[in-house]
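Undergrad: Everything below, folded, please.
(one chain, ligands or ions: 1)
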Amino acid sequence: MMTTYTSPWMNEELAFFRKSVRQFLQQEFVPHDERWRAQHHIDRDGWRKAGHAGLLLADVPEEWGGGGATFAHTAVVAEEVGYAGISSFGCAVQEIVAHYVLAYGTDGQRRTWLPAMASGDLVGAIGMTEPGAGSDLQAIKTFARRDGDHYVIDGSKTFITNGYHADLVCLAVKTDPSQRGAKAISLVMVETGDLAGYRVGRTLEKIGQHGQDTCELFFDDVRVPVANLLGPAESRGFAQMMEQLPFERLLVAISAVAAMELALDVTVRYAKERKLFGGTLLDLQHTRFTLAECRTEAHIARVFLDSCIGRLMAGTLDTATASMAKWWLTDKQFAIADACLQLHGGYGYMNEYLVCRMFADSRVQRIYGGTNEIMKELISRAL
Ligand SMILES: Cc1cc2nc3c(=O)[nH]c(=O)nc-3n(C[C@H](O)[C@H](O)[C@H](O)COP(=O)(O)OP(=O)(O)OC[C@H]3O[C@@H](n4cnc5c(N)ncnc54)[C@H](O)[C@@H]3O)c2cc1C
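TA: Residues are numbered from 1 along each chain as shown. You can find the predicted model right below:
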């Protein structure tokens with residue numbers, strides 16, 4: 001965390017909010033993180049506590065049960081989760097699902113889902129990826145067949161964050177077999193409670209982010225009311241996803257910068273304490289130069305991120321710039337985590353050391369939310 005620079009979007013009220021979020025995470029989440037990593041999901045009441053403390057849907061209008069604040073508040077929550085060094089809490093996905101409902105839902109849908117998501121009673125997940133379709137989203141096979149006033153959904157999803165706890169899945173499906181590609185896709189909100197034919201599969205074993213419930217989801221003749229379609233008509237799903245992805249990518253970028261700042265703080269502290277060759281690790285020029293380079297890059301990252309946050313709040317963040325932030329900042333996060341781990345020597349490879357977990361956690365940031373290769377593809381289209 002830079003001491004001589006303050007993000008231009010910060011203010012006194014946000015600083016106060018930041019303090020309360022930090023206190024909450026230190027008291028209610030950090031002590032449980034090791035157990036949550038072992039069980040591969042957070043405790044259910046962690047969601048409700050987070051809702052009660054105002055961490056969920058901070059930027060959703062009060063009339064829909066949210067905090068009625070700005071995206072800066074959401075950014076503060078995302079940063080503080082990063083600074084706390086916990087990767088178990090899928091609050092970014094909760095935000096993303098809420099923003100789909102806010103953007104495309106009817107008033108009735110907003111009333112039904114958003115207050116419950118803000119309180120943590122309802123956990124959201126986003127179901128796009130399938131075993132046969134990740135980057136190539138148009139290739140999804142999960143099909144929603146119309147049957148009266150219901151859809152009958154068949155198919156499966158994989159790598160779904162919050163999958164174990166999910167009560168509400170924003171599901172990408174094909175609704176129109178006569179259409180090819182993007183035009184065939186719609187988003188349907190699936191309420192999973194006591195839903196016949198719905199099954200949560202394995203919680204997947206990952207190399208990092210062990211506390212996140214990343215799951216397979218199965219849909220076998222699942223009946224969902226047509227009223228749960230998101231948007232005024234079918235075939236809008238692909239366009240809706242493309243519209244919302246910059247928001248998702250910015251949340252990934254925020255967590256990337258918070259993680260690099262934390263990794264550097266942890267490593268500077270370690271380098272000051274670690275004794276070797278009659279001095280400290282920090283006395284070695286290589287250590288100082290490595291940390292100086294990383295600190296410089298983290299600061300460049302921070303300033304770019306702040307510009308993106310400002311632009312999102314002003315409604316001017318375009319897809320190409322959000323994609324730049326996602327790829328570059330997550331690549332830097334990984335490189336800095338690697339450099340910091342190296343400076344810890346063998347201890348950096350031990351799971352009990354935060355820097356080890358941060359290195360493992362950072363790897364997936366280059367993959368999800370659209371891979372970094374897809375980000376470059378999107379940027380190149382705007383050249
Ligand atoms: C921990 C975790 C959590 C996730 N959470 C969710 C979630 O909550 N919801 C959800 O729907 N999905 C989620 N995902 C899925 C994630 O978004 C996909 O893994 C990602 O989009 C890539 O898809 P894929 O795995 O099928 O890889 P593929 O699409 O098969 O890609 C394989 C390789 O090919 C490259 N590639 C693909 N297309 C191109 C191209 N056009 N040009 C150049 N290179 C290309 C990719 O960059 C990659 O390197 C999660 C994944 C992980 C690992």
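Undergrad: give me the residue from the stretch 1-150 of the chain nearest the ligand.
TA: At 1.8 Å from the ligand, Gly134 is the closest residue in the stretch 1-150 of the chain, using Cβ to the nearest ligand atom. Heads up, the C-betas are built off the backbone N, CA and C, glycines and all.
Undergrad: Ok, the stretch 201-350 of the chain next?
TA: Thr214 (4.7 Å).
Undergrad: Can you give me the pLDDT of the residue lying closest to that residue once chain neighbours are set aside?
TA: Sequence neighbours aside, Leu204 is the residue nearest to Thr214 in space, at 4.9 Å (criterion: Cβ to Cβ, 6 or more residues apart in numbering). Predicted confidence (pLDDT) at Leu204: the value is 97.
Undergrad: dump the residue contacts of Leu204.
TA: Thr158, Phe159, Thr214, Cys215, Glu216 (Cβ atoms under 8 Å, 6 or more residues apart in numbering).
Undergrad: From Val188, how far off is Ala227?
TA: 10 Å (Cβ to Cβ, to the nearest Å).
Undergrad: Same check on Ala339?
TA: Distance, Ala339 to Val188, using Cβ to Cβ: 44 Å.
Undergrad: Settle it for me: which of these two has more neighbours?
TA: Comparing Ala339 with Val188 by other Cβ atoms under 10 Å, the one with more neighbours is Val188, at 25 against 19.
Undergrad: can you tell me if the helix or strand containing that one touches the ligand.
TA: Per DSSP states H and E, Val188 falls inside strand 185-191. No: against the ligand, strand 185-191 shows no contacts by Cβ under 6 Å from any ligand atom, the least distance being 11.5 Å.
Undergrad: What are the boundaries of the strands in the chain?
TA: Per DSSP state E, the chain carries strands over the ranges 124-127, 143-147, 150-161, 168-174, 185-191, 198-203, 214-225, 275-276, 279-280.
Undergrad: Quick check: mean pLDDT of the fourth one?
TA: Strand 168-174 shows a mean pLDDT of 98.
Undergrad: touching the ligand at all, that strand?
TA: No: Strand 168-174 stays clear of the ligand (Cβ under 6 Å from any ligand atom), getting no nearer than 7.4 Å.
Undergrad: Show me what that strand is packed up against.
TA: Packed against strand 168-174 by the contact rule (3 or more Cβ pairs under 8 Å, 6 or more residues apart in numbering; DSSP states H and E) you find helix 91-104, strand 124-127, strand 143-147, strand 150-161, strand 185-191, helix 237-273.
Undergrad: any idea which of those is most buried?
TA: Burial of the helices and strands packed on strand 168-174 is given as mean neighbour count (mean count of other Cβ atoms under 10 Å); strand 124-127 ranks first at a mean of 28.
Undergrad: CA atoms only: put it into CSV for me.
TA: Coordinates of each C-alpha in strand 124-127 appear next as CSV, following Å, rounded to 0.1, in the frame of the first residue of the first chain:
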residue,chain,number,x,y,z
GLY,A,124,-25.2,-15.6,-6.6
ALA,A,125,-23.1,-17.4,-9.2
ILE,A,126,-22.6,-16.9,-12.9
GLY,A,127,-22.8,-19.9,-15.1
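Undergrad: Need the phi and psi values for the residue nearest to Thr214.
TA: Backbone geometry at Leu204, expressed as degrees, to the nearest 10, gives phi -80, psi 140.
Undergrad: same deal with the one 5 residues further on?
TA: Dihedral angles phi and psi of Gln209 (degrees, to the nearest 10) take the values phi 40, psi 50.
Undergrad: Near the ligand, which residues of this structure are found?
TA: 93, 126-129, 134-136, 159-161, 206, 209, 214, 364, 367-368, 370-371, 373-374, 377.
Undergrad: Only whichever of those residues are buried, select them in ChimeraX.
TA: Listed next is the ChimeraX selection for buried residues among those, using 16 or more other Cβ atoms under 10 Å:
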select :93,126,127,128,129,134,159,160,161,209,214,364,368,370,371,374
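Undergrad: and the residue most central in space within the chain, what is it in contact with?
TA: Taking Cα atoms, centre = their mean, the centroid of the chain lies closest to Ala92, which sits 3.9 Å from it. Counting by Cβ under 8 Å, 6+ apart, Ala92 makes contact with Ala78, Glu248, Leu251, Val252, Ser255.
Undergrad: Low-confidence stretches in this structure?
TA: Flagging of the chain using pLDDT under 70 yields the residue ranges 1-3.
Undergrad: at 80 what do you get?
TA: Where the chain drops to pLDDT under 80, the residues are 1-3, 177, 180.
Undergrad: Now do the residue located most distally from the centre of it against Leu284, distance only.
TA: Outermost residue of the chain with respect to the C-alpha centroid, by Cα atoms, centre = their mean, is Gly278; its distance is 43.9 Å. Distance of Gly278 to Leu284, given as Cβ to Cβ: 11 Å.
Undergrad: same deal with His344?
TA: Relative to Leu284, His344 is positioned 14 Å away (Cβ to Cβ).
Undergrad: higher neighbour count, those two?
TA: Set side by side, His344 and Leu284 show more neighbours around His344, with 21 against 15, by other Cβ under 10 Å.
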